[in-house]
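# sharing a sequence plus its predicted fold:
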Amino acid sequence: MNASDVLIESLMDWGVEVVFGLPGDGINGIMEALRTRQEKIRFVQVRHEESAAFAACGYSKFTGKLGVCLATSGPGGLHLLNGLYDAKLDGASVLAITGLPYHDLISTFTQQDVELDKVFQDVCVYNARVMGATHVENVTDLACRTALAYHGVSHITLPVDIQEQKVSGRLRSKRNIPHHSSDVFARSARLPDAGDLERAAGILNAGKKVAILAGRGAIHATEELEQTAEVLGAPIIKALLGKACVPDDSPYTTGTIGLLGTKASQEAIENCDTLFIVGSSFPYLEFMPKPGQARGVQIDSDPKRIGLRFPVEVGLVGDSKRGLRELLPLLKARKDKTFLEQTQKTMREWKQVMLDQAHRVEKPMKPQVVAHELGIRLNQNAITTCDSGTIATWWARHIPSKRGQMHTLSGTLASMAPGLPYAIAAQLAYPDRQVVAFVGDGGFSMLMAELATAVKYQLPIKVVIIKNNTLGQIKWEQMVFLGNPEYGVDLHPIDFAEFAHACGAVGFTLEEPAECGHIMDQFLAAPGPAVLQAVVDPYEPPMPAKTTVEQAYKFAESLVRGEPNRDKIALTVLSDKVRELV
């Protein structure tokens, strides 16, 4: 047994079944250990290390297990960083393994001389450089345990020569007793303090207009959230990472909040007198209740996140599902449910506006049409992934979450490009479920070589690309928030259907709204991986549910200052607003 053998055997002891990565001469020893165990642990070769880290993050998000990525020394390890920060900021459990140069040439300007343990210090909850073959077992056990326990990134880096070093008793220090560490992961009950539960119940019972803000930490607490909403007469507002915490046909939810949220969610936040935050670190403070408006209670598994976004009076530290179960018997059923009923009325009106947008027949085709036609066709247990940008607006508003489905995107980092790697990870984890990536042309083109990865491993993922040949989110931010004409956002067109064919996948092109449903059916039924490029109107704005005076002023200013497409944009925005009023 050498150091690499011990590393891979330890990963297997921790239940790791798949490693995402790209080979390199800085990890040759580890690759050989994976080759000789390929029947027991799967190595999935990606085309870019960033994809490996995104895939590991997505794997953890969808399964709750440890996601593992592997990269060579120097540039290979550096390429992991964006995906690892995605895991850090969204609380995914990921182990990154990297190589280092020969141990006695580190810090001598040798080939690929990057001390990755130092580079990774900020992104990690655990970070170690292996000092010898007898060090590996101890480090690997602690790295896996820490990533799982603290929902973060662990990193192990091994010099290339140490990877092939034999495990020998004479190399072991006198205090390092063989096999003294364990692969047992200890779980706590994670229950809030009884006194805090009483205080929290008192605040929630006293509120007349309670609103619940639920996030990714409440994904597994659907039933408890709905029970709490029923007792308190409280609408459930969803942070984007909490899209699947309750289905969108639930009578209690008002959908998402923020720039891509719903009018009902925003008004519920504006009018509530009590805010109950459940498993969310929703980062946009401007969408929280105004200072002094509402009292607050929060439940979160991480005590340092209590009171992070809103000055709550009581923090319940623990698991959302178990915490709500403990809290429910202490809550008093509210007879007056006027607040909930008003938000339900606003939500019905909002859904009708969204439905009207989704049935528009003019050309160029509207992105809402594509999102709607996909959403109504998704299987009951489908998994969808998304990218950052305007694509997230259409995903949030027009692809409803059904009970039993899973949905995610890069939430807090808001990175472009993870949609495809996430989908690959999801399909590997759940080979019998429908997996669809709903992405923009900007994000997809960053890591689109991973479509070849899906073909190589015969993963039947489906990729819907909203093609508007522009970086839409940046364009609208330049105009609506800064009052500047758009600049540097146009993309050179790519024929993604032809690209799909070149990779060995199936490619479809959609341009006619009237054909959307028919082509979508063919696309979803296609065997193996498939791409649908939907050519849409680049001037369709992802406008906020409620536009502020300042936003309207900045938008008008951008048109006056020389926005190159001002006539088309102004006409589109005016048309949309008239439709809402009518």
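That came through, no problem. Residues are numbered from 1 along each chain as shown.

# off-centre distance for stretch 358-368?
Offset of stretch 358-368 from its chain centre (CA atoms, centre = their mean, to the nearest Å): 27 Å.

# stretch 470-480 too?
With CA atoms, centre = their mean, you get 21 Å for stretch 470-480.

# please give me every residue in contact with Ser107.
Ser107 makes contact with 113, 115, according to CB atoms under 8 Å, 6 or more residues apart in numbering. From N, CA and C alone the C-beta is placed, and that goes for glycine too.

# if we use 6 Å, what do you get?
By CB atoms under 6 Å, 6 or more residues apart in numbering, the contact list for Ser107 is empty.

# Ala396 too?
256, 260 are the contacts of Ala396 under CB under 6 Å, 6+ apart.

# isn't there a strand covering it?
No. Using DSSP: H, G, I helix; E, B strand; the rest coil, the secondary structure at Ala396 is helix, not a strand.

# against Glu115, how distant is it?
Ala396 sits at a distance of 41 Å from Glu115 (criterion: CB to CB, to the nearest Å).

# can you read off the pLDDT for Gln533?
You'll see Gln533 listed with a pLDDT of 98.

# got the phi and psi for it?
phi -90, psi 120 (degrees, to the nearest 10).

# leaving out sequence neighbours, find the closest residue to it.
Sequence neighbours aside, Phe496 is the residue nearest to Gln533 in space, at 4.2 Å (criterion: CB to CB, 6 or more residues apart in numbering).

# next: Gly15.
Lys65 (6.8 Å).

# how many neighbouring residues does the closest residue to Gly24 other than its chain neighbours have?
In space, and not counting its chain neighbours, Gly24 is closest to Thr72: 2.5 Å by CB to CB, 6+ apart. Counted with other CB atoms under 10 Å, the neighbours of Thr72 add up to 24.

# and the helices in the stretch 101-250 of the chain?
When assigned using DSSP state H, counting those that start in this stretch, the helices of the stretch 101-250 of the chain occupy the ranges 116-119, 136-150, 194-206, 222-232.

# those: which one's closest to Pro564?
Nearest to Pro564, of all the helices of the stretch 101-250 of the chain, is helix 116-119, at 41.1 Å by CB to CB.

# any regions of the stretch 151-300 of the chain where pLDDT drops low?
The stretch 151-300 of the chain contains residues with pLDDT under 70 at 169-170, 174, 186-189.

# distance between the helix or strand hosting Ile519 and the chain's centre?
Assigned by DSSP states H and E, Ile519 belongs to helix 516-525. Here helix 516-525 shows a centroid-to-chain-centroid distance of 26 Å under the convention CA atoms, centre = their mean.

# what is the mean pLDDT for it?
Mean pLDDT, helix 516-525: 98.

# quick check: buried residues in it?
By 16 or more other CB atoms under 10 Å, the buried positions in helix 516-525 come out as 516, 519-520, 523-524.

# right, and Ala294 touches Leu275 too?
Yes. Here Ala294 reaches Leu275: they are 4.9 Å apart, a contact under CB atoms under 6 Å.

# please say which of these two ends up with more neighbours.
Leu275 (26 against 23).

# quick one: the residue nearest the centre of the chain and Ile219, what's the gap?
In the chain, the centroid-proximal residue (CA atoms, centre = their mean) is Leu409; its distance is 2.9 Å. Distance, Leu409 to Ile219, by CB to CB: 14 Å.

# now swap in Arg322 and tell me
14 Å.

# now do Ala3
To Ile219, Ala3 is 38 Å away according to CB to CB.

# residues contacting the residue nearest to Asn127 when sequence neighbours are not counted?
What sits nearest to Asn127 in space, not counting adjacent residues and going by CB to CB, 6+ apart, is His155, at 4.7 Å. Listed by CB under 6 Å, 6+ apart, the contact partners of His155 are 96, 120, 124, 127.

# so can I have TSV of those residues showing neighbour count?
Below are the contacts of His155 laid out as TSV (neighbours: other CB atoms under 10 Å):
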residue	neighbour count
Ala96	32
Phe120	22
Cys124	21
Asn127	21
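
# in strands, which of the residues you listed fall?
Among these, the members found in strands (DSSP state E) are 96, 124, 127.

# burial measure for Gln342, as a count.
16.

# picking that back up, burial measure for the residue nearest to the residue nearest to the centre of the chain when sequence neighbours are not counted, as a count.
Leaving aside its sequence neighbours, Leu409 sits nearest to Cys386 (CB to CB, 6+ apart; 4.0 Å). Cys386 has 28 neighbouring residues, counting by other CB under 10 Å.

# circling back: okay, the contacts of His155 in JSON lines with pLDDT and distance to Glu486 next?
As requested, the contacts of His155 are arranged in JSON lines below (pLDDT from 0 to 100; distance: CB to CB, whole Å):
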{"residue": "Ala96", "pLDDT": "98", "distance to Glu486": "37"}
{"residue": "Phe120", "pLDDT": "98", "distance to Glu486": "37"}
{"residue": "Cys124", "pLDDT": "98", "distance to Glu486": "38"}
{"residue": "Asn127", "pLDDT": "98", "distance to Glu486": "41"}
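
# can I get these in CSV including distance to Leu327?
Below are the contacts of His155 laid out as CSV (distance: CB to CB, whole Å):
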residue, distance to Leu327
Ala96, 37
Phe120, 39
Cys124, 34
Asn127, 37
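
# just give me the closest of those to Val370.
For these, the residue nearest Val370 by CB to CB is Ala96; the value is 35.5 Å.

# please name the nearest non-neighbouring residue to the closest one.
According to CB to CB, 6+ apart, the nearest residue to Ala96 is His155 (4.7 Å).

# ok, the one you found to Val46 distance?
18 Å.

# repeat for His151
23 Å.

# who's more crowded, these two?
When neighbours are counted by other CB under 10 Å, His151 and Val46 differ, and Val46 comes out ahead with 25 against 20.

# count of neighbours near the closest residue to that one other than its chain neighbours?
Nearest non-adjacent residue to Val46, counting by CB to CB, 6+ apart: Ala52, 4.8 Å away. For Ala52, the neighbour count with other CB under 10 Å is 32.

# residue ranges with poor pLDDT in the chain?
Checking the chain against pLDDT under 70 turns up 169-170, 174, 186-189, 547-560, 562-563, 565-582.

# CA atoms of the biggest helix by length in it as CSV?
Ranked by residue count, the top helix of the chain under DSSP state H comes out as helix 338-358. Output of helix 338-358 as CSV, limited to C-alpha atoms (Å, rounded to 0.1, in the frame of the first residue of the first chain):
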residue,chain,number,x,y,z
THR,A,338,-56.6,37.9,6.7
PHE,A,339,-52.9,38.5,6.1
LEU,A,340,-52.5,35.1,4.5
GLU,A,341,-55.7,35.5,2.5
GLN,A,342,-54.6,38.8,1.1
THR,A,343,-51.2,37.4,0.0
GLN,A,344,-53.0,34.5,-1.6
LYS,A,345,-55.2,36.9,-3.5
THR,A,346,-52.1,38.9,-4.7
MET,A,347,-50.4,35.6,-5.6
ARG,A,348,-53.4,34.5,-7.7
GLU,A,349,-53.2,37.8,-9.6
TRP,A,350,-49.5,37.5,-10.1
LYS,A,351,-49.8,33.9,-11.4
GLN,A,352,-52.3,35.2,-14.0
VAL,A,353,-49.9,37.8,-15.1
MET,A,354,-47.1,35.2,-15.4
LEU,A,355,-49.5,32.9,-17.4
ASP,A,356,-50.3,35.7,-19.8
GLN,A,357,-46.6,36.3,-20.4
ALA,A,358,-46.1,32.6,-21.0
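
# just want the angle from the following helix or strand past it to helix 516-525.
Sequence-wise, the next helix or strand downstream of helix 338-358 (DSSP H and E) is helix 367-375. Following axes from the mean of the first three to the mean of the last three CA atoms, to 10 degrees, one obtains 50 degrees for the angle between helix 367-375 and helix 516-525.

# the next helix-or-strand element following helix 367-375 packs against which elements?
Once helix 367-375 ends, the next helix or strand along the chain (criterion: DSSP H and E) is strand 383-386. Helices and strands touching strand 383-386, by 3 or more CB pairs under 6 Å, 6 or more residues apart in numbering; DSSP states H and E, are helix 419-429, strand 435-440.
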